[in-house]
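Engineer: Provided below for reference: sequence and predicted model.
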Amino acid sequence: MESSTRESAISASSSGLVAASRNGVTWLRSWMRAKVYVGGAIVLTLVVVGTAAPVLAPHDPNAQQLRRTLLAPQWFGGTHFLGTDNLGRDVLSRIVYGARVSLLVAFAVVLISGLVGVTLGAVSGYFGGRIDFAIQKSVEVVWAFPPLLLAITILAFLGQGLLNLNLALVAQRWIQYCRVVRGQALSLRTRDFVTATRALGAPDSVIIRRHILPNLIQISMVIGTFAMASAIISEASLSFLGLGVPPDIPTWGTMLADGRTYISTAWWLALFPGLSIFVTVLGINLLGDALRDIFDPRLKRTGAGL
């Protein structure tokens, strides 16, 4: 009798170890997906280029050489690898410095909108009632405005500037965090560990800070990666319209606006900034998609079996 009990215990422990090892292998394989490496490499390259722009840029991005205007890309055979624009400014240097602006705007928008959205979403979902009703009605009011039109209105009122651009982009991007986090908070507030903490007399602020918010970090990271791509596209769109940062700051959107006039004679002016935006947004979306699969493997994507 005792031997059979020991055998059953040993078999149960061995099956548990096998299951744990399989879970570990599954977790490791999920990190080894190609989109993690591709997306992570692109994002890391953007960070390095934006941070080390003064070192990597071969020329001053605003230095004008009127005798060397509209030079075609010289590749490795000259001093201007990607050519020059209509004012003789080096295209490669302006793209490198434009990565710094895109990186700064993306991280600032994600950080500010994440703090606002996660806080309001956690408070709304945890307390419910009138507080939830007031916050969600505010969300619906702001959500009624088209994002780009709202940003244009704010910039037209406040004027150009990097700070005003960040405020205009944050004005509606906190809603994504708020709506998703609210749903998670509604589920978390009924969990046993929250009920036990409340029964022990812990105040609501402590429960939210120590038990609700830590469980919202993973989903917030996934939302933040996609919000970075959206912020970069919006910044380029506003700069293309002349409403972003001042003209003396090189951005990819401004370069696209300058190159559209010479699209038939100087193709490189619009091609390389457009490719920079495309590759950056693609890499961030790949990384965000990989993080979503890792943090929520049960989530089924449309066409996942194709």
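Structural biologist: Happy to help now that I have it.

Engineer: For the residue nearest to Leu286 when sequence neighbours are not counted, which residues are in contact?
Structural biologist: Among residues not flanking Leu286 along the chain, Gly39 sits closest, at 3.3 Å (C-beta to C-beta, 6 or more residues apart in numbering). Any C-beta I mention is one placed from the backbone N, CA and C, and that applies to glycine too. By C-beta atoms under 8 Å, 6 or more residues apart in numbering, Gly39 lies in contact with 283-290.

Engineer: Which pLDDT does the model give Gly39?
Structural biologist: At Gly39, the model reports a pLDDT of 86.

Engineer: ok so, going back, relative to Arg130, which of the contacts of Gly39 is nearest.
Structural biologist: Gly288 (34.6 Å; C-beta to C-beta).

Engineer: count of neighbours near the closest one?
Structural biologist: 22 (other C-beta atoms under 10 Å).

Engineer: my guess is it meets Ile219, correct?
Structural biologist: No. Using C-beta atoms under 8 Å, Gly288 makes no contact with Ile219, being 11.7 Å away.

Engineer: hey, what's in contact with both of those two?
Structural biologist: By C-beta under 8 Å, 6+ apart, no residue touches both Gly288 and Ile219.

Engineer: On the pLDDT front, check Leu104 for me.
Structural biologist: 89.

Engineer: buried stuff in the helix or strand harbouring it?
Structural biologist: Element membership for Leu104, per DSSP states H and E: helix 91-127. Going by neighbour count (16 or more other C-beta atoms under 10 Å), the buried part of helix 91-127 is 91-110, 112-114, 116-126.

Engineer: what's the distance between that helix and the middle of its chain?
Structural biologist: In terms of C-alpha atoms, centre = their mean, to the nearest Å, the gap separating the centre of helix 91-127 from the centre of its chain is 7 Å.

Engineer: for that helix, packing partners?
Structural biologist: The criterion is 3 or more C-beta pairs under 8 Å, 6 or more residues apart in numbering; DSSP states H and E, and the helices and strands that helix 91-127 contacts are helix 34-51, helix 53-56, helix 129-143, helix 162-188, helix 204-207, helix 217-240, helix 252-259, helix 268-295.

Engineer: Can you say which of these is packed in most?
Structural biologist: When these are scored by mean count of other C-beta atoms under 10 Å, the highest mean neighbour count falls to helix 252-259 (a mean of 23).

Engineer: So what angle separates the directions of that helix and helix 268-295?
Structural biologist: Between helix 252-259 and helix 268-295, the angle comes out at 150 degrees (axes from the mean of the first three to the mean of the last three C-alpha atoms, to 10 degrees).

Engineer: for helix 252-259, what is the average pLDDT?
Structural biologist: Helix 252-259 comes out at a mean pLDDT of 90.

Engineer: what's in contact with it?
Structural biologist: Here helix 252-259 has contacts from 85-86, 91, 94-95, 98, 101-102, 235-242, 244-245, 247, 266, 268-274, 276-277, using C-beta under 8 Å, 6+ apart.

Engineer: Hmm, Ala122 is touching Cys178, no?
Structural biologist: No. Look at Ala122 against Cys178 with C-beta under 8 Å: they stay out of range, at 9.1 Å.

Engineer: Could you check how many residues crowd around Arg260?
Structural biologist: Residues contacting Arg260 under the criterion other C-beta under 10 Å number 11.

Engineer: which non-adjacent residue is nearest it?
Structural biologist: Going by C-beta to C-beta, 6+ apart, Arg260 has Ala270 as its nearest residue, at 6.1 Å.

Engineer: Which pLDDT value goes with the one you found?
Structural biologist: Listed pLDDT for Ala270 reads 91.

Engineer: Roughly how far does it sit from Val141?
Structural biologist: 38 Å (C-beta to C-beta, to the nearest Å).
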